[in-house]
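Undergrad: pasting the sequence and the predicted coordinates here, then a few questions.
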Amino acid sequence: MSGILVVVEERAGRIARISWEAVAAGQRLGAHLGLPVIAAIVGAQTEALAAEFAARRLANGMRLVQVVHPLLAQYTADGFTLALRQLIEQERPAQVVFPHTYQVRDYAPALAARFGQVLIGDVIAIGDGPVFTRQLLQGRLNGNYRHFGGGPCFVSVQAGAFRPEAPGNDADADPVQTEIFAPTLDPAQIRTRPSEPWRGGALTVDLASAQRIVSVGRGIKEAENIPIVQELATALGAELAASRPICDNGWLPLERQVGSSGQTVSPKLYLAVGISGAIQHLVGMKGSQCVAAINKDPDAPIFEVADYGIVGDLFEVVPALTEAVKAAQQ
Amino acid sequence: MKIVVAIKQVPERDAQVRIDAAGKWPNTWIVEADLQFALNEPDAYALEEALQLKEKSVAADGEVIVVSAGPERVGAAIREALAKGADRGIHVVCDDLGARDALGVARLLAAAIQPESPDLILAGLQSEDLGLGQTGVIVAELLGLPHATLILHAEKTETGVTVKRELEEGWFQTIEMPTPAVLTIQSGGNKLRYATLMGIKRAKTREVRRLTAAELDADSAPVVVLERVTLPQKQKSTQILSGTAKEAAAALVEKLKFEAGVL
């Protein structure tokens, strides 16, 4: 038996969007290699997710395996690795595709290593071969990777990189065949005890609904320089936000962080000041209607997603921009 | 508590990188002669957490050992870690790091770490150059140890450690686990320290053991290969506004107001 195994993840009781994107990537690989897609959902209670998956009526011939065990009620690296290892040994897929989430990053490298394999992580494109493209040097370069030798090829795909198939666009599709796979797990094999997730603190800043955002990154150099960006934000009637390093340093509170570990925003205007544009930041702001960037490095990845750019010293450009904004309002 | 911290030396963040058109992977995917190198920042956070765990410990037998694989230049990253307070270093001397995949590199590190029998192994959650974010997890797998990733803090308990793990979108969880264990450390959990003059002096007297890949007998053929490096394609065509700061600023306001209609 051989196919493309796609591991689907849930978020707040629903199949996460990035999981549909992983299914799309699996379908692309399946078409390329002439192999069927097998989706897998892992957990203790997977019926609701399986029903949601089946209702999507994707292309013909897809199977859905519910990997079910009481010890999988809460995610642990040990539990998921053991369970999926047994499924992979049974199915012998050519490719195993994951959404590139924090959870996948936690166990997929170990799962791959258990097969003597290496996860090709955070893939943004799949070309003929198949060749897998992922980013290097925080997005400044792309690298093309290829898998060699026998054994399954493990791949995880980046959020937003693959377009999910619209629900039910294959009206003639047969219903998905759903099966149950019961892995053998022993409580002693689960070495970690995770708590329920908790929020870091009540959010008092709702960046998600902001119309305009001025966001500041490492280029600001010191906490003492933040006020020049705050003045620009005030002039624009914008919320002030930041990339991760600014919050790591405690220069702005964590709740103002945009990116994979912070908030996801989609304002009309996103003005990035001194932000290079590492992927962890871009995933949080790609949905913005208009992106403008100020950066001294003309090769900064932020310019790949910007509509307007100023290459220059932010300490000159930002005060000039604040003045220009004020002048335009008079 | 004995803690090993795996660190990596990477090109400096602001370095101008050029693809080496003449060179052939694995040795030269970017022009190295242009570059300055630095300690990978997530690894600096891993080192900081290790130093704080040692300092908080009441037992006097705490030790922090840094291990790094790579060519001669990697010695500078190890010295930096020693200057910040690590007790000794292990340099896995290896000129072909780029020819090894994540499993190959993890095999080298695991072989170098195993004889130390540490209570904890820490690593940054990812490197700033290849960004694979896997090395720590694979080292755990190879050594048969439990692991947790994206950790902000660790606290010693009677039987192991309790760690604070970052989840997506501002959520966290606490995990209890036995030691020995492997943790990959997320940035921002601590404030990074600088090396003091005294530390830099002291670092010179601290031991750095050199091991070779051949001695470690941990070679393996790569299963995943980086074939080609390219410049990313732009997703949008950016209008670059030139001129003096004042001219560019005025032009941007004009565009935002009348073209994009977002002011």
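TA: Alright, I've got the coordinates.
Undergrad: can I take it that residue B:252 is in a helix?
TA: Yes - counting by DSSP: H, G, I helix; E, B strand; the rest coil, residue B:252 falls inside a helix.
Undergrad: quick one, helices of the stretch 51-200 of chain A?
TA: Counting by DSSP state H, counting those that start in this stretch, one finds helices in the stretch 51-200 of chain A at the ranges A:77-91, A:102-114.
Undergrad: residue 97: what's it in contact with?
TA: Looking at chain A here, since you left the chain open. A:4-7, A:22, A:25-26, A:29, A:155-157 (C-beta atoms under 8 Å, 6 or more residues apart in numbering or on different chains). The C-beta positions use only the backbone N, C-alpha and C, and glycine is treated the same way.
Undergrad: sorry, I should have been clearer: chain B.
TA: B:69-71, B:105.
Undergrad: for chain A, see how far away it is.
TA: According to C-beta to the nearest C-beta, to the nearest Å, residue B:97 and chain A sit 14 Å apart.
Undergrad: and what of residue B:183?
TA: On the measure of C-beta to the nearest C-beta, residue B:183 and chain A end up 11 Å apart.
Undergrad: surely that residue meets residue B:145?
TA: No - contact criterion C-beta atoms under 8 Å: residue B:183 and residue B:145 do not qualify, at 10.1 Å.
Undergrad: looking at the two, which is more packed in?
TA: Neighbour count, other C-beta atoms under 10 Å in any protein chain shown: between residue B:183 and residue B:145, residue B:183 has more, with 29 against 19.
Undergrad: overlap in contacts of residue B:183 and residue B:145?
TA: Common contact partners of residue B:183 and residue B:145 (C-beta under 8 Å, 6+ apart): residue B:121.
Undergrad: for the residue lying closest to residue B:252 once chain neighbours are set aside, give me the pLDDT.
TA: Excluding the flanking residues, the one nearest residue B:252 by C-beta to C-beta, 6 or more residues apart in numbering or on different chains is residue B:241, at 5.4 Å. Residue B:241 is assigned 95 on the pLDDT scale.
Undergrad: part of a helix, is residue A:7?
TA: No - counting by three-state DSSP, residue A:7 falls outside a helix, being strand.
Undergrad: list the residues that contact it.
TA: Going by C-beta under 8 Å, 6+ apart, residue A:7 touches A:22, A:39-40, A:42, A:84, A:96-99, A:104.
Undergrad: what bridges to it?
TA: Beta-bridge pairing for residue A:7 (DSSP bridges): residue A:40.
Undergrad: using PyMOL, define a selection of the buried residues within the contacts of residue B:97.
TA: Per 16 or more other C-beta atoms under 10 Å in any protein chain shown, the buried members of the contacts of residue B:97 correspond to this PyMOL selection:
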select buried, chain B and resi 69+70+105
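Undergrad: between the contacts of residue B:97, which sits nearest chain A?
TA: Taking C-beta to the nearest C-beta as the measure, chain A sits nearest to residue B:105 out of those, at 9.9 Å.
Undergrad: ok, for residue B:250, nearest residue in space, not its chain neighbours?
TA: Nearest residue to residue B:250, sequence neighbours excluded (C-beta to C-beta, 6+ apart): residue A:324, at 4.9 Å.
Undergrad: wait, that neighbour touches residue B:245, no?
TA: No - if you go by C-beta under 8 Å, residue A:324 and residue B:245 don't touch, sitting 9.9 Å apart.
Undergrad: stretch B:69-87 - what's its average pLDDT?
TA: For stretch B:69-87, mean pLDDT is 97.
Undergrad: show residues contacting it.
TA: Contacts for stretch B:69-87 (C-beta under 8 Å, 6+ apart): B:5, B:7-9, B:37-39, B:47-48, B:50-51, B:63-66, B:68, B:88-89, B:91-95, B:97, B:105, B:108-109, B:112, B:193-196, B:199-200, B:202-204, B:206, B:208, B:213.
Undergrad: in helices, which of these appear?
TA: Taking DSSP state H, the ones among the contacts of stretch B:69-87 that sit in helices are B:47-48, B:50-51, B:105, B:108-109, B:112, B:199-200, B:202-203, B:213.
Undergrad: among the contacts of stretch B:69-87, which ones are buried?
TA: Neighbour-count burial (16+ other C-beta under 10 Å) applied to these gives B:5, B:7-9, B:37-39, B:47-48, B:50-51, B:63-66, B:68, B:88-89, B:91-94, B:97, B:105, B:108-109, B:112, B:195, B:199, B:203, B:213.
Undergrad: so where do the helices sit in chain B?
TA: Using DSSP H, helices in chain B cover B:41-56, B:74-84, B:102-113, B:135-143, B:197-203, B:213-216, B:245-254.
Undergrad: what's the neighbour count on the closest residue to chain A within the stretch 101-250 of chain B?
TA: Proximity of the stretch 101-250 of chain B to chain A (C-beta to the nearest C-beta) peaks at residue B:188, 3.3 Å away. Using other C-beta under 10 Å, residue B:188 is surrounded by 20 other residues.
Undergrad: tabulate the contacts of residue A:7 (CSV), appending pLDDT.
TA: CSV is the format used below for these (pLDDT from 0 to 100):
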residue, pLDDT
A:22, 97
A:39, 96
A:40, 97
A:42, 98
A:84, 98
A:96, 98
A:97, 98
A:98, 98
A:99, 97
A:104, 98
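Undergrad: quick check, nearest of those residues to chain B?
TA: Of the contacts of residue A:7, the one sitting nearest to chain B (C-beta to the nearest C-beta) turns out to be residue A:104, at 10.4 Å.
Undergrad: can you get me a residue count around the closest one?
TA: When neighbours are counted by other C-beta under 10 Å, residue A:104 registers 23.
Undergrad: correct me, but it touches residue A:157?
TA: No - Residue A:104 lies out of contact with residue A:157 (C-beta under 8 Å); the separation is 9.7 Å.
Undergrad: joint contacts of these two?
TA: Both residue A:104 and residue A:157 are in contact with residue A:98, where contact means C-beta under 8 Å, 6+ apart.
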